[in-house]
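> here is my input, please return the structure:
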Amino acid sequence: MKPPRWQRKKLSLRQRQFEIFTVAARFILRLGKDKLPGGDPARKRHRQARWLVNHLLDLGPTFIKIGQAMSTRPDLFPVEYITELSQLQDRVPPFKGQEAIAVIEQEFSKSVYALFKDFELEPLASASLGQVHRATLYTGEAVAVKVQRPGLHRLFQVDQQVLERLLNWLDLLFKDLKKYKLRQIYREFFELLYQEIDYVHEGKNGDHFRANFAEDPQILVPKVYWQHTTHKVLTMEYLPGIKIDDRAALEASDINPDHVISLGISSYLKQLLQDGFFQSDPHPGNMAVDASGKLIFYDFGTMTEVKSMEKNQMMRTFFAVLRKDTDEVLETLVYMGLVEPMADMTPVKRMIAFLLDRFRDRPIDLQEFEAISSELYLMFEQQPFRLPPQMTFIIKALTTLDGIARALDPQYNLLAAAQPFIRSVATGNQPGENRFTALAQQTKEFVLYQFQKPTRAEMAIKHLESRIELGELQFRIKSVEGDRQLRRMYLALKTMMYGMLWGFSTIASILLWHQSPPIFLTGAIVLGALFFGIQTFRALLQLLIQERLDQFIRK
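Numbering: from 1, shown residues only. Model prediction:
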C-alpha cells in the first residue's frame with residue numbers, strides 16, 4: 001500500500017503549504033457558497049462538516065488531532081460540526097513492521113532482538129501517532145511495544161509553520177476572528193501535541209495513574225518497562241481484553257454490562273473528584289475489559305489535572321445532582337465559570353431543575369426538551385453558558401463515557417452506577433485523611449438526605465411550589481361568557497373585513513367597465529368582487545347563527 005502524502009521521506013514546506021492552503025481556500029469558498037439563499041442551512045452545515053472531516057483525514061495526524069480538539073468546543077462551532085467531528089477517528093493505515101523495527105533500533109542503538117526475545121511484525125493496533133506491536137522480553141513477560149510513526153516530529157514542525165502563516169492570512173481577511181483567540185488555542189494545541197508524542201511523558205502519566213488505582217483490584221493499568229522505553233518507544237505490560245463497548249462479546253464471556261458501566265463511571269468519579277488526574281480521551285480504543293470483568297486502561301498521552309478548587313466545586317455539583325438540589329447545582333456552575341450570571345436566572349434554573357427531574361436516573365432524551373423549548377430559546381438568545389478551556393476536557397471525557405455506557409445499556413441509571421463510588425467514600429477507609437475530608441462531608445450529607453428526605457406528599461407540595469416559583473406552572477381562568485363574546489367579535493370583524501373588500505372590488509369593477517380596460521383585468525376584478533361577496537355572506541351567516549345560539553344558551 002502506498003504511504004500517505006504526509007508520510008513521504010522528503011517533506012517540503014512549500015508543497016505542504018500548498019496542500020493545506022488549498023484545502024483551507026476550498027473550505028472558505030464552500031462556506032461562502034452556502035451563504036446564498038435557498039436550501040436547508042442545517043443540511044448544508046452537515047455536508048460541509050463531512051467534507052471537512054474527510055479532508056482532515058487526508059491531511060494527516062496534525063489535522064486529525066485538530067479535528068478531535070474542535071469536537072470539544074461547542075462554544076465555538078455549530079452543533080452539526082461537533083456531531084461530525086466527534087466521530088473523527090484515527091483511520092490511518094499502519095506503517096510497515098520493518099519501519100517500526102528501524103525506529104526501535106535507532107532509539108536503542110542495538111538490534112531489536114537484543115531487546116526482545118520475540119517481536120511480532122504485524123501491529124496489534126494502529127493510529128495516526130503510532131502503532132502497537134506485541135513482543136516478549138527475555139525474562140518471559142509479554143509486553144506491548146508502542147512505536148512512534150517515522151518523521152512525525154518533522155511533520156509537526158512543518159505543519160506548525162504552515163498554520164502560523166495561515167493564521168496571519170486569516171487575521172488579514174477576517175477581522176472578527178480575533179475574538180476567538182485562535183493564536184492562543186493554536187499554541188496550546190501544539191504544546192499538548194508535542195507532549196502526546198513524548199512517550200517518556202506518557203510513561204510517567206501511566207505510573208501516576210497506576211499508583212492512584214493501586215488499592216482497587218477491579219482496575220488494571222499496565223506497568224511501564226523503563227529499560228525498554230525512550231521518547232519514541234514505550235514498552236508496557238501486555239494486558240489484552242474485550243473492547244469496552246462490545247456488549248455481545250461481554251455477554252458471551254458472562255460479564256454483566258451493568259457491572260462494566262458501574263466500574264467505568266465509578267473510576268471516572270474517582271479520577272475527577274478524588275485524584276484530580278484523569279484520562280481526558282476515554283474512547284473505546286483506550287479501555288477494555290479482561291476475562292474476569294476487570295477494567296483495563298490504556299494510553300496516557302492525554303491526561304488532565306484538575307485544580308484543587310475546581311475539584312471541590314465538581315464534588316459539590318455531583319452530590320447536589322444526587323440530591324436534586326437545583327440551587328446548589330446552579331451556584332457551583334456559576335462559581336466554576338460555566339454559567340454567566342444574569343439579571344434573570346429563571347430560564348437557566350428551570351432547565352437545571354428539568355434535567356435533574358427527568359434525567360438524573362436515566363440517559364437524556366433530546367425529544368423531551370420540547371417541554372421547555374421557550375426557556376431554551378431564552379437561554380441561547382442570552383448565551384449564559386461559557387466553557388473554560390480545562391472544562392472542555394472534562395466535558396469531552398464525560399460525554400464519551402456516556403456514549404460508552406449507552407452502547408452497553410441505552411437506559412443505564414447514573415445514580416445506580418455511581419453507588420460503588422459513593423459507598424467507597426462513605427466507609428471512610430480511604431488513605432490520606434485530609435485529602436478526602438470535603439468528599440466525605442458531601443457523602444455524609446447525601447446519606448443523611450436519603451434518611452431525612454421528605455415524604456411523597458411533602459415532595460409533591462415542594463415540587464408545586466418550585467414550579468410556581470420558576471414560572472413553570474401557568475394558571476388559566478376560563479370564562480365561558482367571555483369566550484362567546486370574543487367569538488362574536490371575531491366573526492363581526494371578519495364580516496366587516498370581507499364586506500369592505502367586496503365593496504372596494506365592486507366599485508373598482510364598475511369604474512373600470514366605463515374606461516374599456518383590457519378584458520382580462522376587468523374579468524379578474526369582477527371575479528374578485530364575486531369571491532369577496534360570497535365570503536361576506538358566509539361570515540354574516542355565521543355571525544347571525546352565533547348570536548342566535550348565544551341567546552338560546554342564555555335563556
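
> so what's Tyr6 up against?
I think there's a mix-up here, since residue 6 is Trp and not Tyr. Taking C-beta atoms under 8 Å, 6 or more residues apart in numbering, we find Trp6 in contact with 16, 59-61, 155. Just so you know, the C-beta spots here come from the backbone N, C-alpha and C atoms, and that holds for glycine as well.

> pull the number of nearby residues for Leu192.
Neighbours of Leu192 under the rule other C-beta atoms under 10 Å: 16.

> now Arg149
Arg149 has 25 nearby residues by other C-beta under 10 Å.

> OK, contacts around it?
7, 61, 95, 128-131.

> then Leu56?
Per C-beta under 8 Å, 6+ apart, neighbours of Leu56: 63-64, 66-67, 88.

> Gln106: which of these is nearest?
Ile64 (25.1 Å; C-beta to C-beta).

> which residues are contacting stretch 81-89?
Residues from elsewhere that reach stretch 81-89 (C-beta under 8 Å, 6+ apart): 45-46, 48-50, 52-53, 56-57, 64, 67-68, 70-71, 73-74, 77, 283.

> which ones among those map onto helices?
Cross-referencing these against helices under DSSP state H gives 45-46, 48-50, 52-53, 56-57, 64, 67-68, 70.

> if any of the residues you listed are buried, give me the PyMOL selection for them.
Listed next is the PyMOL selection for buried residues among the ones in helices among the contacts of stretch 81-89, using 16 or more other C-beta atoms under 10 Å:
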select buried, resi 45+46+48+49+52+53+56+57+64+67+68+70
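
> could you export the ones in helices among the contacts of stretch 81-89 as CSV, including pLDDT and distance to Gln411?
What follows is the ones in helices among the contacts of stretch 81-89, written out as CSV (pLDDT from 0 to 100; distance: C-beta to C-beta, whole Å):
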residue, pLDDT, distance to Gln411
Arg45, 87, 31
His46, 87, 28
Gln48, 90, 34
Ala49, 90, 29
Arg50, 91, 30
Leu52, 92, 34
Val53, 90, 30
Leu56, 91, 34
Leu57, 88, 34
Ile64, 88, 33
Gly67, 86, 31
Gln68, 80, 29
Met70, 78, 31
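
> adding distance to Tyr298, write the ones in helices among the contacts of stretch 81-89 out as JSON lines.
Shown next, in JSON lines, are the ones in helices among the contacts of stretch 81-89 (distance: C-beta to C-beta, whole Å):
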{"residue": "Arg45", "distance to Tyr298": "34"}
{"residue": "His46", "distance to Tyr298": "32"}
{"residue": "Gln48", "distance to Tyr298": "34"}
{"residue": "Ala49", "distance to Tyr298": "29"}
{"residue": "Arg50", "distance to Tyr298": "29"}
{"residue": "Leu52", "distance to Tyr298": "29"}
{"residue": "Val53", "distance to Tyr298": "25"}
{"residue": "Leu56", "distance to Tyr298": "24"}
{"residue": "Leu57", "distance to Tyr298": "23"}
{"residue": "Ile64", "distance to Tyr298": "19"}
{"residue": "Gly67", "distance to Tyr298": "22"}
{"residue": "Gln68", "distance to Tyr298": "17"}
{"residue": "Met70", "distance to Tyr298": "24"}
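
> between which two of the ones in helices among the contacts of stretch 81-89 is the distance greatest?
Largest separation among the ones in helices among the contacts of stretch 81-89 by C-beta to C-beta: Arg45 and Ile64, giving 20.7 Å.

> average pLDDT across stretch 286-297?
For stretch 286-297, mean pLDDT is 94.

> who wins on neighbours among the contacts of Trp6?
Counting neighbours by other C-beta under 10 Å, Pro61 leads the contacts of Trp6 with 24 neighbours.

> next up, the contacts around that residue.
Residues near Pro61 by C-beta under 8 Å, 6+ apart: 6, 92, 128-129, 149, 152, 155-156.

> just the ones in strands from those residues, please.
Residues of these located in strands (DSSP state E): none.

> how about low-confidence regions in the stretch 151-300 of the chain?
176-177, 179-181 (pLDDT under 70).

> quick one: the strands in it?
Per DSSP state E, counting those that start in this stretch, the stretch 151-300 of the chain carries strands over the ranges 219-220, 233-237, 242-243, 277-279, 287-289, 295-297.

> strands paired with the third one, and their directions?
Okay, so that is strand 242-243. Under the criterion DSSP bridges, strand 242-243 sits next to strand 287-289 (antiparallel) in its sheet.

> got it, and the first one?
Neighbouring strands of strand 219-220 in its sheet, by DSSP bridges, are strand 295-297 (parallel).

> distance from the chain centre to the strand it pairs with, please.
In terms of C-alpha atoms, centre = their mean, to the nearest Å, the centre of strand 295-297 is set 23 Å apart from its chain centre.

> what's the helix or strand following it packed up against?
For strand 295-297, the succeeding helix or strand toward the C-terminus, using DSSP states H and E, is strand 303-305. Under the contact definition 3 or more C-beta pairs under 8 Å, 6 or more residues apart in numbering; DSSP states H and E, strand 303-305 sits against helix 199-212, strand 277-279, helix 389-408.

> one step back: among the contacts of Arg149, who's most crowded?
For the contacts of Arg149, the largest neighbour count, defined by other C-beta under 10 Å, is 27 neighbours, found at Gly130.

> which residue sits closest to that residue, ignoring its sequence neighbours?
Leaving aside its sequence neighbours, Gly130 sits nearest to Gln148 (C-beta to C-beta, 6 or more residues apart in numbering; 4.6 Å).

> verify the stated contact: the one you found with Val103.
Yes. Gln148 lies in contact with Val103 (C-beta atoms under 8 Å); the separation is 6.5 Å.

> find the residues that touch each one of these two.
When contacts are counted by C-beta under 8 Å, 6+ apart, Gln148 and Val103 are jointly contacted by 232-233.
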